[in-house]
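Asker: Next one to model:
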Amino acid sequence: MGQEFQNESFYDTQTYGMSYYSVQIALEQYIAAKVLRGDLSRILFTADSFIFRARMEQQDRSTTYQAASSLKFPFANYWYEGFWERDDRTGSNQASQQLTGIDLGANILIRSRAVMTTIPFTFYFNSDNDARIAYEKLQWIFNPRSVILSTTVKYKETNINIPVVISLEEMTYNPEYTEKEWLSQNRIIPIRTSFKIRTYTLGPNIQTPVFNGVASRDVEDEIIYITETVLLEFFESKNLLAHPEEIELAINAYFDPTYDITINSITSSDVTYSSVKINWDLEVPITSDPNSIENITIITKGRNPVVINNPDIVGNYIMTNLNELSTYKFNLYIKLKSGKIKIQTLTITTANNPATPDSGGLAGLKSLKGVTF
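Answerer: Numbers count the residues shown, from 1 in each chain. Got it, this is the predicted structure:
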C-alpha cells in the first residue's frame, strides 16, 4: 500500500511525484550507515539556523537543559539549497522517456526526467577524536566519488525502483560560522559537506481545473506514492512511529517541518499504575493567533489515537487504562490551523499497583507484569 502526502496547498499534492522525498530517505539511510553508525535518529531535516533548537526538541522535554552537551552529539542536519535541475550529463534525457514514457508492463507507461540537485549536509561533534574519525570516513566516501543507490515509489499498484546517484562534492573541517565563538566555547566542531544527487522525477504531475473554487478529483489512479514499507522502516529507524496508522502524521511532521510553534516542555505527572497526566507548555509567535493550534493527537501502540481539539497552549490530558509497571512511548502531534505539524515524544513508566499481591519475595518477579509499548 502506498502513502500520500496531504497538506494545505493551492496545488493538488496527491498528484505530485514523491521522488524528492524518497531520495531524502535514501540519502539519510546512506549517510547514517557510512558516518553515524546506522543511527537515523541523529539526522535532522532542518535548516542550519534551527538545528540546535530542533535537536533540543528531540530530547526529553521533561528536563530543562542548559549545557550544549545535552544535545547528545554527534548529529547532523541537511536542507535543500534549490530544487531539481536538468541532469547535465550527455544523453541523460531521452525524448522518448519524457514524451512517451517507460513501459512498466500491463500497458502502464510513466514518463521520467533525469534531474540533479545539491544538498548541503553538516555534522556536529563535541569530541576532537569523533570529528576526525568522521572526517576520515567522509574522505572514503569522497573517493571514489559516486555511489549508486535506489529508492522505491508506487504507481498504479506497481513498484518502481528509481536509481539515486550520490556523490560527495565538497567537505570542510571546522568551517567558519557566524557563531564561531559560541561553537568554540561549547567545544562544538562542525564538518560541512555538499552532496550532488542525480535521479529521476516521474510524471504525470496532473493538476485538475478548478471550477467555482472546487477542483474535480478524477485522477486518483495517477497518484505517485512512497511505498508504505519504505516509510515504516524509515520512521521506525528515527524512533518516530508508534503504529502504521500514524504514518500520515509522521510524513507531514518530518518532511514539512514548522517553526511557528515552540515546545517549552512536554512532561508527565501524577503517574499511577493505570494512568498518567501528560502536560504541555507551548508557545506561538506574538504575531500569531494564540488559538492557532487546531489539535493535539496523542498516539501510542496498542491504543486508539486521542485527538484533543482546540487545546490551550498550556494544558494537560490524562491517559487512563494503562498497564502497571509498563513503559509507554507517546507521540504527540501538534497540528496548527495552517496544516503544519510538529511532533514530540514522551516516554513514561507506570507505577506498581499496591493492591496486586506480592510476589512472595522473589526478586524481579513483579517486573513480569510490565510490558513496553
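Asker: so how far does stretch 297-315 reach from one end to the other?
Answerer: 13 Å (C-alpha to C-alpha, to the nearest Å).
Asker: And stretch 256-272, by the same measure?
Answerer: 36 Å.
Asker: Show the average pLDDT along stretch 267-275.
Answerer: Average pLDDT, stretch 267-275: 95.
Asker: Same check on stretch 69-87?
Answerer: 89.
Asker: next one: stretch 125-144
Answerer: On average, stretch 125-144 scores 93.
Asker: Stretch 40-52 too?
Answerer: Computed over stretch 40-52, the mean pLDDT rounds to 93.
Asker: I'd like the distance from it to the chain centre, please.
Answerer: 10 Å (C-alpha atoms, centre = their mean, to the nearest Å).
Asker: So which bits of it are buried?
Answerer: Within stretch 40-52, the residues that count as buried by 16 or more other C-beta atoms under 10 Å are 40, 42-46, 48, 51-52. Yep, even glycine has a C-beta here, placed from its N, CA and C like the rest.
Asker: Repeat that for stretch 23-36.
Answerer: Buried residues in stretch 23-36, counted by 16+ other C-beta under 10 Å: 23-32, 34-36.
Asker: give me phi/psi at Tyr99?
Answerer: Heads up, residue 99 is Leu, not Tyr. phi -90, psi -40 (degrees, to the nearest 10).
Asker: my read: it touches Arg111, true?
Answerer: Yes. Assessed by C-beta atoms under 8 Å, Leu99 is found in contact with Arg111 at 7.1 Å.
Asker: higher neighbour count, these two?
Answerer: The residue with more neighbours, out of Leu99 and Arg111, is Arg111; 17 against 8, by other C-beta atoms under 10 Å.
Asker: give me the number of residues near Tyr155?
Answerer: Neighbour count for Tyr155, taken as other C-beta under 10 Å: 20.
Asker: need the longest helix for the chain.
Answerer: helix 19-35 (DSSP state H).
Asker: Which is the succeeding secondary structure element to that one?
Answerer: Following helix 19-35 in sequence order, the next helix or strand is strand 43-45 (DSSP states H and E).
Asker: Show residues contacting that next one.
Answerer: Here strand 43-45 makes contact (C-beta atoms under 8 Å, 6 or more residues apart in numbering) with 24, 28, 31-32, 36, 51, 54-55, 58, 75-79, 238, 254-255, 257.
Asker: How far off centre is stretch 304-312?
Answerer: Centre-to-centre, stretch 304-312 and its host chain are 22 Å apart (C-alpha atoms, centre = their mean).
Asker: nope, stretch 295-306 is what I was after
Answerer: 18 Å.
Asker: Start and end of that stretch, how far apart?
Answerer: From its first residue to its last, stretch 295-306 covers 10 Å (C-alpha to C-alpha).
Asker: For that stretch, which residues meet the burial criterion?
Answerer: Going by neighbour count (16+ other C-beta under 10 Å), the buried part of stretch 295-306 is 296-300, 303.
Asker: Run a quick neighbour tally on Gln178.
Answerer: Heads up, residue 178 is Thr, not Gln. Residues lying near Thr178 (other C-beta under 10 Å) number 9.
Asker: mean confidence for stretch 223-235?
Answerer: 83.
Asker: Looking at the buried residues of stretch 295-306, which are in strands?
Answerer: Members of these lying in strands (criterion: DSSP state E): 296-299.
Asker: need the residues you listed in JSON lines with pLDDT, can you?
Answerer: Output for those, formatted as JSON lines (pLDDT from 0 to 100):
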{"residue": "Ile296", "pLDDT": "96"}
{"residue": "Thr297", "pLDDT": "94"}
{"residue": "Ile298", "pLDDT": "95"}
{"residue": "Ile299", "pLDDT": "91"}
